[in-house]
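Peer 1: Predicted model, plus sequence, below.
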Amino acid sequence: MVQTYQSPVRVYKHPFELIMEAYQRRFPTTHLMPILVSSEIVNETLSEDKAQHVVERLCKLGFDVPYLLKKLTGVDYVNFRQKNSLDRRKRTLHIETFNESFSNRLIIKETCVYSVHPDNPNWTCFEQAASLDVKSFFGFESIVEKIAVKQYSQSIAKGKEIIEYYLKELEAEGITYVPPFKDASSLKVPAILTTSYDDDKEQSCGGASISSEELNIGASASTVDLQKMEKQFPVDESQFKLEAEYIQRYLGELTPLQESRLIQLRTWVAELQKGKVRIIRKQVPSDMTLLRFLRARDFAVDKAREMLSQSLVWRKKYQVDKILSEYQIPRVIKEYFPGSWHHTDKDGRPLYLLCLGQMDVKGLVKSVGEEGLLKLTLHTCEEGLRLCEEATERLGKPISSWTLLADLEGLNMRHLWRPGVQTLLRIIEIVEANYPETMGRILITRAPRVFPILWTIIGAFIDEVTRTKILFHGGTDYSEPGGLLDYIPEEYIPDFLGGPYQISSVDGSMVPKSMYMTEEQFEKERQSGCFIYDESVYKCVSLTKGQVHEEVISAAEKGGVICWDFDVTKQDVDFTVLRTKVSVPLKEQVSSPTTHGSPLDVLTSMNQLLVDSDHRSVIERSWKKDIDYFIVENPLACHEGESIQGSHVISVEGTYILQWKFNEPVNHPTHAKDFIESITSSKAKFMYYYEVLNSDDYRGSMTSLHSSQSGFSAISTTTSISMKSRKSLNSGCPSR
């Protein structure tokens, strides 16, 4: 597996020319990097005007490796080639490095760039990228990979230290300014003066840049002209880069490899967002959000990316981002829920106080249902994220999680009411999946004897890392050393736990039965599953091999606009828009499988192609293309993880059909086993939304139509792009 590294942008608050003067002093060797045994110039070129200077060196490095590995390879040092390309006119230095030793067994590439800061010409930026691919190494591939990663991590930390050391040395010598390069004549074409130090050795350095293919996920082509859109609304690449000082200030201490993983995930998000129109900063998950998902998956980028994608699809489907602005806390929650935000702990984290033992679980579930408690929990989580951001700004240090103080006084067997426990488990599952690494510490006080029973039930559903953050205090030991005073300022400890702070919030008394839902309402709500809102605007569909799903739009008005928005969450689907002037027949109603008598009938009923009218096309096989029906939007292959938005301006009245098909290879051979595969094959899943806007509603907005496609799914504020309409207009309809 190829290991990659991408550094954040490190900023030196010194001019480029002074940084170059310091950089040159590290050659041929430096005591600050003992791993560099020697370096020898093997080729050097200098332009006539001295603006361009290229130096190639052969560097000998001594790695700290096991004795057995040294004996096996028969070498004490490893040779690397380094090519430095300095452009004094453009004020840039490109450094390319690759291994010359064992090049047929492993490939190590590194690219570094020094350049002028885009906002301050007197500052210098430094970026670094590298890749390691161990193909074979005498059976020691894993060991070699670990050694290389370790050594490289150490050299990364040394790089900035070396530059700063020589800057101080220059300052001690009285050198604090190096004049920038000035052209002798801007009209002359520079000739190249070449000095060869080793004609027998290879002159080329090979490509050292890291392939972007590893980060280019789900970026299939669309039928629309995205290149013109990108030219009209170019994406600023610099907005997706991270500076080291920013990381230190807002994200905290990260190892070089952790920084690299964050850059990789951020780059993936940025690449996918390029397909969106007029990206707004708010649309992209924050760096702290990306970091939380990385931590939840131990900085495995692929796993974090999958978790993040699933969470964003979930947020979009249930419109979670509207909770803070639209959610109204029910009266029963205000009066009888014993929990609220309560100042901060000693680390500056927001503190949430929950008197779990005083909670009438049954009364709350009976009053607001599982959905109501989930909405409250999500509202609390969203508020917690907002409080963390405010604390980060206020304290001048990163605050990414909060503390929960849960008092269990009064917890008894009534809290083990089965529907209540089921509700708690489902809420924990949703929070763990969508708000990872938000719980910094959990302080549990006055745990009664019944608590181990409850913990046995719910403990298995709590992430292992989260469980390590839980501190239990039974009896009154919360007031002893190692108790609450170690974590919460004394002035904020509640009075019922022996502190001075008077709590005026509700005491969690029993919810009156007059506030309960009726039995019919409660049972209906409990069986319907957990929905964030009463009705999601998105519909979910599963397709197996050979199946289609269609939405029929009858009597479409000329000049109106059909808009669609869908996310492919599993497998691949094909999407197209059709028009027909033939009346569409009603789908046949097929009887339930239980009404069939023979085993053959039951087996036949299992084939969804025959029985599920929702998964059969309304286009009859006898119909002819371009006579009975027409393709008005060319078929588009939509891959797993992609989000598709578009629209079609109705130019001809008639019946329009939005069609999704299970993606299959073209001209797939018919075979007897196809029937079984149609039943057992993996399902494609997607969720979609569409609407039809009449010409009056859309008048004045005809220039806001253009298609876009992205492998990223996120709720955002409404965006649009102005482009002139063409013969067939597809649009990225506003995100919802």
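Peer 2: Done, it's in.
Peer 1: Can you show me the helices along the stretch 1-150 of the chain?
Peer 2: Secondary structure of the stretch 1-150 of the chain (DSSP state H, counting those that start in this stretch): helices located at 16-24, 67-73, 141-172.
Peer 1: no wait, the stretch 251-400 of the chain
Peer 2: 256-273, 287-296, 301-318, 323-326, 331-336, 361-395.
Peer 1: again, but for the stretch 401-550 of the chain
Peer 2: So, for the stretch 401-550 of the chain - with DSSP H, counting those that start in this stretch - the helices run 418-434, 451-458, 464-467, 519-527.
Peer 1: thinking again about what came up before, looking at the helices of the stretch 1-150 of the chain, which is closest to T466?
Peer 2: helix 141-172 (27.9 Å; CB to CB). Bear in mind the C-beta positions are built from the backbone N, C-alpha and C, glycine included.
Peer 1: Remind me what that closest one packs against, helices and strands.
Peer 2: strand 3-6, strand 10-12, helix 16-24, strand 106-116, strand 124-134, helix 256-273 (3 or more CB pairs under 8 Å, 6 or more residues apart in numbering; DSSP states H and E).
Peer 1: Just checking the distance from it to the centre of its chain.
Peer 2: 30 Å (CA atoms, centre = their mean, to the nearest Å).
Peer 1: buried set for that helix?
Peer 2: 143-145, 147-148, 152, 155-156, 158-159, 162-163, 165-167, 170 (16 or more other CB atoms under 10 Å).
Peer 1: angle of that helix against strand 124-134?
Peer 2: 160 degrees (axes from the mean of the first three to the mean of the last three CA atoms, to 10 degrees).
Peer 1: could you give the angle of helix 141-172 to strand 106-116?
Peer 2: 30 degrees.
Peer 1: ok, now which ones touch the residue lying closest to K13 once chain neighbours are set aside?
Peer 2: Spatial nearest neighbour of K13, chain neighbours left out: W123 (5.3 Å); criterion: CB to CB, 6 or more residues apart in numbering. When contacts are counted by CB atoms under 8 Å, 6 or more residues apart in numbering, W123 touches 11-15, 116-117.
Peer 1: coming back round to it: nearest to E642, out of the helices of the stretch 251-400 of the chain?
Peer 2: Among the helices of the stretch 251-400 of the chain, helix 256-273 comes nearest to E642, with 8.8 Å by CB to CB.
Peer 1: For the closest one, enumerate the helices and strands it packs against.
Peer 2: strand 3-6, helix 141-172, helix 287-296, helix 301-318.
Peer 1: got TSV for the helices of the stretch 1-150 of the chain, with distance to T580 and mean pLDDT too?
Peer 2: Output for the helices of the stretch 1-150 of the chain, formatted as TSV (distance: least, CB to CB, whole Å; pLDDT from 0 to 100):
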stretch	distance to T580	mean pLDDT
helix 16-24	65	94
helix 67-73	71	70
helix 141-172	59	84
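Peer 1: can you put these in TSV and add distance to P398?
Peer 2: Listed next are the helices of the stretch 1-150 of the chain as TSV, based on distance: least, CB to CB, whole Å:
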stretch	distance to P398
helix 16-24	28
helix 67-73	40
helix 141-172	20
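Peer 1: Of all those, which one comes closest to Y492?
Peer 2: That would be helix 141-172 among the helices of the stretch 1-150 of the chain, by CB to CB, at 38.6 Å.
Peer 1: Report the angle between that closest one and helix 16-24.
Peer 2: 120 degrees.
Peer 1: about what we covered before: and which of the contacts of W123 is nearest to D495?
Peer 2: Of the contacts of W123, the one sitting nearest to D495 (CB to CB) turns out to be V11, at 49.5 Å.
Peer 1: Which pLDDT does the model give that closest one?
Peer 2: What the model reports for V11 is a pLDDT of 89.
Peer 1: Also E523?
Peer 2: You'll see E523 listed with a pLDDT of 64.
Peer 1: same thing with P436?
Peer 2: Note on P436: pLDDT of 94.
Peer 1: what about it, neighbour count?
Peer 2: 22 (other CB atoms under 10 Å).
Peer 1: ditto for the one 4 residues further on
Peer 2: A count of neighbours around G440, defined by other CB under 10 Å, yields 19.
Peer 1: Could you report the distance from it to Y501?
Peer 2: Between G440 and Y501 the computed distance is 20 Å (CB to CB, to the nearest Å).
Peer 1: With H415 instead?
Peer 2: Here the criterion is CB to CB. By it, H415 lies 26 Å from Y501.
Peer 1: Compare these two and say which is more crowded by neighbours.
Peer 2: H415 (22 against 18).
Peer 1: The more buried one - nearest residue in space that isn't next to it in sequence?
Peer 2: In this structure, H415 finds its nearest non-sequential neighbour in V361, 5.5 Å apart by CB to CB, 6+ apart.
Peer 1: Going by neighbour count, which residues of stretch 32-44 are buried?
Peer 2: Neighbour counts over stretch 32-44 (16+ other CB under 10 Å) mark 33, 36, 39, 42-44 as buried.
Peer 1: about what we covered before: relative to E253, which of the helices of the stretch 401-550 of the chain is closest?
Peer 2: The nearest among the helices of the stretch 401-550 of the chain, by CB to CB, is helix 464-467 at 17.8 Å.
Peer 1: residues near the residue nearest to H415, how many?
Peer 2: 19.
Peer 1: Would you mark the buried spots in stretch 633-651?
Peer 2: 633, 636, 638-650.
Peer 1: now, which of those sits nearest L291?
Peer 2: Nearest to L291 out of the buried residues of stretch 633-651 is G641 (CB to CB; 21.1 Å).
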